[in-house]
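Visitor: show me the folded form of this:
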Amino acid sequence: MIFTPLVTAQTVIHQATFESGLDGWNLTSNASRLNDITFAPQGSYALRIQNSNGEIRSPQFSLNAYDKIDISFRFTNNGYDTGETFDVEYRPDTSSSWTIIGSFVAGDVPGKSADFSNGVPYIDYAKTVTFFKTDHTFPSSATGQFRFSSNSSWNGDRVHIDYVTITGTTYNTSISEGPGGINSNLELWLRTDRVDGSGSIADNTA
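Guide: The predicted model follows:
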């Protein structure tokens with residue numbers, strides 16, 4: 001069996017730890033940069049969003065070179081009620097509406113009905129949101145932007161966002177054949193007939 005990797009490159013587009021500042025992110029009236037090791041998942045600082053309109057916005061990026069984007073981050077919460085959420089959103093430019101690409105709900109994590117425990121502080125969670133060029137517009141100019149937004153009911157409900165990493169993946173376009181004739185958006189193909197890396201093995205051969 002031969003392993004044929006179909007992902008050609010992964011690029012860290014942006015990384016923010018907020019230890020020395022905002023790292024290019026923008027805050028609203030219900031967001032702040034907080035110095036508190038109790039709630040910062042890593043280091044001393046994190047960005048906090050709260051209430052029903054708290055949000056933080058990323059710098060703007062050119063994304064057209066990538067086929068897939070992953071946004072990984074860490075967070076802690078304090079005060080969210082069961083069913084309340086915060087979202088990760090994307091827009092290709094400032095004239096476009098925000099689209100939710102990831103939503104995280106508070107509640108019963110052991111019962112598998114939620115993404116984080118409601119009202120339980122100090123727990124450090126790590127999440128990744130993935131979305132694809134086939135489903136969204138990835139702009140050539142530096143206009144693509146992300147935001148974290150809160151959907152809680154009062155100022156005592158807080159999410160602390162930290163260590164945000166935005167990674168772009170570019171697929172290999174040199175593959176001229178694929179399983180079942182499918183050649184696009186492949187990440188892994190295991191060829192069982194190429195046991196020695198070349199040539200073909202006839203059907204029913206051991």
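
Visitor: tell me, how many residues neighbour Gln60?
Guide: 18 (other CB atoms under 10 Å). All C-beta spots, glycine's among them, are computed from the backbone N, C-alpha and C.

Visitor: need the contact list for it.
Guide: Gln60 makes contact with Ala142, Thr143, Gly144, Gln145 under the criterion CB atoms under 8 Å, 6 or more residues apart in numbering.

Visitor: what's the helix or strand hosting the last one in contact with?
Guide: When secondary structure is defined by DSSP states H and E, Gln145 falls within strand 145-151. The set of residues that contact strand 145-151 without belonging to it, under CB under 8 Å, 6+ apart, is 30, 47, 49-61, 71, 73, 84-91, 94, 98, 157, 159, 161, 166.

Visitor: which residues of this structure score low on pLDDT?
Guide: Along the chain, the model assigns pLDDT under 70 to residues 1-8, 119, 173-177, 191-201, 206.

Visitor: longest single strand anywhere in it?
Guide: For the chain, the strand that runs over the most residues, judged by DSSP state E, is strand 158-171.

Visitor: sheet partners, orientation included, of it?
Guide: strand 7-16 (antiparallel), strand 45-50 (antiparallel), strand 68-78 (antiparallel) (DSSP bridges).

Visitor: is the one residue sitting closest to the centre of the chain bridged to anything, and to what?
Guide: Nearest to the mean C-alpha position of the chain, by CA atoms, centre = their mean, lies Ile71 at 2.2 Å. Using DSSP bridges, the bridge partners assigned to Ile71 are Val129, Ile166.

Visitor: surely it touches Gly102?
Guide: Yes: between Ile71 and Gly102 there is a contact under CB atoms under 8 Å: 7.5 Å.

Visitor: common neighbours of those two, please.
Guide: Joint contacts of Ile71 and Gly102 (CB under 8 Å, 6+ apart) are Val88, Val129.

Visitor: returning to what we had before: name the next helix or strand downstream of the longest strand of the chain, please.
Guide: Taking DSSP H and E, what comes next after strand 158-171 is strand 188-191.

Visitor: and that following strand, which strands flank it?
Guide: Short version: by DSSP bridges, strand 188-191 pairs with strand 2-5 (antiparallel).

Visitor: next, the distance between the ends of stretch 154-162.
Guide: One end of stretch 154-162 to the other measures 21 Å (CA to CA, to the nearest Å).

Visitor: list the buried residues for it?
Guide: For stretch 154-162, a neighbour-count test (16 or more other CB atoms under 10 Å) marks Asp157, Arg158, Val159, His160, Ile161, Asp162 as buried.

Visitor: and these, which is closest to Asp124?
Guide: Using CB to CB, Asp162 comes nearest to Asp124 of the buried residues of stretch 154-162, at 8.7 Å.

Visitor: so that closest one makes contact with Ala46?
Guide: Yes: look at Asp162 against Ala46 with CB under 8 Å: they come within range, at 4.1 Å.
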